[in-house]
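Visitor: dropping a prediction and its sequence here:
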Amino acid sequence: MHLGRLVRAVRFRAATQNAIGARQSAPSAAVLAARPSSGAPSAVPVQLPVRPLTTPLVVFALLVASVVTFVLAPPSPAAAASAPAPAPRGVALVATPDGGGYWIATSTGGVYAFGDAHYYGSMSGQALNAPIVGMAATPSGNGYWLVASDGGIFSYGDAGFFGSAGALPLNKPIVGMTATRSGNGYWLVASDGGVFSYGDASFYGSTGSIHLNKPVVGMSSTPTGHGYWLVASDGGIFSYGDATFLGSTGSIHLNQPVVGMAPAASASGYWLVAADGGVFTFGSAPFYGSAVSYLNPVSAAHTTGAASGSVLGVYGGALDPPAVSDFAATLGGRPRFAMDFLDGSSWSTIDSPNAAVSQWAGSGYTMIWGVPMLPNSGASLATGATGAYNGYFSTLAAALVADGQGNSIIRIGWEFNGGWFPWAANGQAAAFIGYWQQIVTAMRSVPGANFSFEWNPTRGDLGVGDLANYYPGDAYVNYVGLDVYDVEWGSYPGMPAEFQNMETQPYGLDWLASFSAAHNKPMVFPEWGLGWGTCSSDGQPVSGSAQVCGGDDATFINLMSQWIATHNVFEATYWDYGSSSVDQGSNPNTAAALRADF
């Protein structure tokens, strides 16, 4: 497969007429699962006490609830025996003050703590008059409120009680809350967008007189406390006071409805969270993790074998946004991510991305940039590890920030376990790691930079040893991934046998799932698609003297979609180019499967 990759790399260079580097690739809004650092199973009963996770999540302050300080009477033994426990669902997420962690609350009153968030109590296992619908944290981070749909407020830690809507005749149920900056007040919001303020919270407006397509499900205040957003279940955003509109999920297919939101610290971005724990990012808000596997390990999408469209990306050819539009038209929906590559001909083409970036200006995609670690000649991993090339990458980072790409995803060193790129790392693990760390540090040092970094080998054992020895460390990596194509060397057993091989082979899908869980990192597929060479039809067996593949293989697409839907995958960028393209009637079975699955 080594030679096959080399042939594919050469073919790509010839097709694109530049040295962008063979068919590489590389992530808001996707559905990802925060995994325990122990690598424990992802499905955890939501009613159990919180399990703090030591994961470097630097995130959000989400929508929330207020809290009553009254005691609820437990149900009678007979009632408890006859009434089934309500199924839990995620309802809110709120960040710690330093952004180093967050809590996620569930409808049954369960609370999960991530990062540096501490557990102060919950309503888990207790009888509720009405379900929990929101959560808010105190400014100190030493307490939080939960709010129920009847307006009842439950306070924990140093959270104070400033009033509730429990005694009010509500037109619509309360659906969320957010606290004031001082912690001496909070707002509640109802599903019709009615806003109720308590303590030192001020009223800035509501949607009470507006016809809503979908009900409001939550709210979040701005970092200044002089405004707030309301969010509807379809991800529609309504802004009041000094709150700014930065985007929504209106054009994205959602597996589960949106249930809350939170602003980034700078107020130039925010997160939305869905009922299955999926997290969507807008503006400057980065992605750090989600609770999909905790709250809904088998969602409706999973049972039908479909992955969320919000994980889908596409590469349609070098500097070719129209190809991405064609892909969207073929699928009947817009992918969230688009990928392109910087020209690796020389240092001057690597650190001057303006020509490439200008092609994507105003496209609205979350961009993934394949950034060559080295130019085509005249440089080495060992020299890079000394920091000698840092200036090129700080220049590149500054240019990306200036062009509005400071929040993009950077893919460096892709397919390092192969032998077809200048940064081939076989026998140079220490140099590869050291150089990677130099690049990431240099790019992050630029003011305004908020990049995420993908680390990905290509699938299979290519003879470079343990891939873990090439991992730069959790502090330097945001996502871990594999490039996966429906191709083999010499003998292709047909689907689904080939997909089982993809899962179980050394450094295949099972390895990726285990590695990502061990490092608490979401998974990505920066490149995935059909194969090339001597190909059968629709995944049938075939043999040959070189690369062999399943051709127009809907079964491969369906099985990949199912795998993506049931694992902690943030982004899956389809290689819509060459033999893998679905444009203009090419590979119709594959196109139909993509359309159905995403």
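Guide: Perfect, thanks for sending it. Numbering: from 1, shown residues only.

Visitor: what pLDDT does the model give the nearest residue to residue 451 once chain neighbours are set aside?
Guide: Closest residue in space to residue 451, ignoring its immediate chain neighbours: residue 410 at 4.9 Å, by CB to CB, 6 or more residues apart in numbering. Any C-beta I mention is one placed from the backbone N, CA and C, and that applies to glycine too. pLDDT for residue 410: 97.

Visitor: low-confidence ranges in the stretch 401-550 of the chain?
Guide: Nowhere does the stretch 401-550 of the chain drop to pLDDT under 70.

Visitor: still on that earlier bit, the residue nearest to residue 451 - how many residues pack around it?
Guide: Using other CB atoms under 10 Å, residue 410 has 25 other residues around it.

Visitor: contacting residues for it?
Guide: Applying CB atoms under 8 Å, 6 or more residues apart in numbering to residue 410 gives the contacts 26, 368, 369, 371, 443, 451, 452, 453, 454.

Visitor: which stretches of the stretch 151-300 of the chain form strands?
Guide: 153-157, 174-179, 185-190, 195-199, 216-221, 227-232, 237-241, 258-263, 269-274, 279-283 (DSSP state E, counting those that start in this stretch).

Visitor: any chance of those strands in a markdown table, plus mean pLDDT and distance to residue 398?
Guide: Formatted as a markdown table, the strands of the stretch 151-300 of the chain follow (pLDDT from 0 to 100; distance: least, CB to CB, whole Å):
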| stretch | mean pLDDT | distance to residue 398 |
| --- | --- | --- |
| strand 153-157 | 92 | 43 |
| strand 174-179 | 87 | 36 |
| strand 185-190 | 92 | 40 |
| strand 195-199 | 93 | 42 |
| strand 216-221 | 85 | 32 |
| strand 227-232 | 90 | 31 |
| strand 237-241 | 90 | 31 |
| strand 258-263 | 79 | 26 |
| strand 269-274 | 82 | 20 |
| strand 279-283 | 77 | 20 |
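
Visitor: I'd like to know which of the ones you listed is closest to residue 437.
Guide: Proximity to residue 437 (CB to CB) singles out strand 279-283 among the strands of the stretch 151-300 of the chain, at 25.0 Å.

Visitor: who does the closest one touch, helix- and strand-wise?
Guide: strand 269-274 (3 or more CB pairs under 8 Å, 6 or more residues apart in numbering; DSSP states H and E).

Visitor: what lines up beside the strand it packs on in the sheet?
Guide: strand 258-263 (antiparallel), strand 279-283 (antiparallel) (DSSP bridges).

Visitor: where does residue 596 fall, phi/psi-wise?
Guide: Main-chain dihedrals, residue 596, degrees, to the nearest 10: phi -80, psi -40.

Visitor: and it, how far from residue 333?
Guide: Distance from residue 596 to residue 333, counting by CB to CB, to the nearest Å: 11 Å.

Visitor: and for residue 94?
Guide: 31 Å.

Visitor: those two: who's more crowded?
Guide: Legend: neighbour count by other CB under 10 Å for residue 94 and residue 333, higher for residue 94 (31 against 17).

Visitor: you'd agree that one is up against residue 137?
Guide: Yes. Using CB atoms under 8 Å, residue 94 is in contact with residue 137, at 4.6 Å.

Visitor: sorry, back to before: sheet-wise, list the partners of the helix or strand where the residue nearest to residue 451 lies with their directions.
Guide: Following DSSP states H and E, the helix or strand that holds residue 410 is strand 409-412. When pairs are called by DSSP bridges, strand 409-412 turns out to pair with strand 366-371 (parallel), strand 452-455 (parallel).

Visitor: who are the contact partners of the closest residue to residue 97 other than its chain neighbours?
Guide: Distances taken as CB to CB, 6+ apart place residue 141 nearest to residue 97, at 4.4 Å, with adjacent residues excluded. Neighbouring residues of residue 141 by CB under 8 Å, 6+ apart: 96, 97, 98, 117, 118.

Visitor: for residue 141, give me phi and psi.
Guide: Dihedral angles (degrees, to the nearest 10) for residue 141: phi 80, psi 10.

Visitor: quick check: which ranges of the stretch 51-200 of the chain have low pLDDT?
Guide: 51-87.

Visitor: how long is stretch 192-205 end to end?
Guide: One end of stretch 192-205 sits 13 Å from the other (CA to CA, to the nearest Å).

Visitor: oops, could you answer that again for stretch 97-106 instead?
Guide: 21 Å.

Visitor: what comes up buried for it?
Guide: Neighbour counts over stretch 97-106 (16 or more other CB atoms under 10 Å) mark 97, 99, 100, 101, 102, 103, 104, 105, 106 as buried.

Visitor: now swap in stretch 125-145 and tell me
Guide: Buried-residue list, stretch 125-145, by 16+ other CB under 10 Å: 128, 131-138, 141-145.

Visitor: partners of the residue nearest to residue 337 when sequence neighbours are not counted in the sheet?
Guide: In space, and not counting its chain neighbours, residue 337 is closest to residue 313: 2.9 Å by CB to CB, 6+ apart. Listed by DSSP bridges, the beta-bridge partners for residue 313 are residue 337, residue 573.

Visitor: residue contacts, residue 313?
Guide: Applying CB under 8 Å, 6+ apart, the residues near residue 313 are 25, 27, 335-339, 366, 368, 571-574.

Visitor: again, only using 7 Å
Guide: By CB atoms under 7 Å, 6 or more residues apart in numbering, residue 313 lies in contact with 27, 335, 336, 337, 338, 339, 368, 571, 572, 573, 574.

Visitor: one step back: got the contacts of residue 141 as TSV, with secondary structure columns?
Guide: Formatted as TSV, the contacts of residue 141 follow (DSSP: H, G, I helix; E, B strand; the rest coil):
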residue	secondary structure
96	coil
97	coil
98	coil
117	coil
118	coil
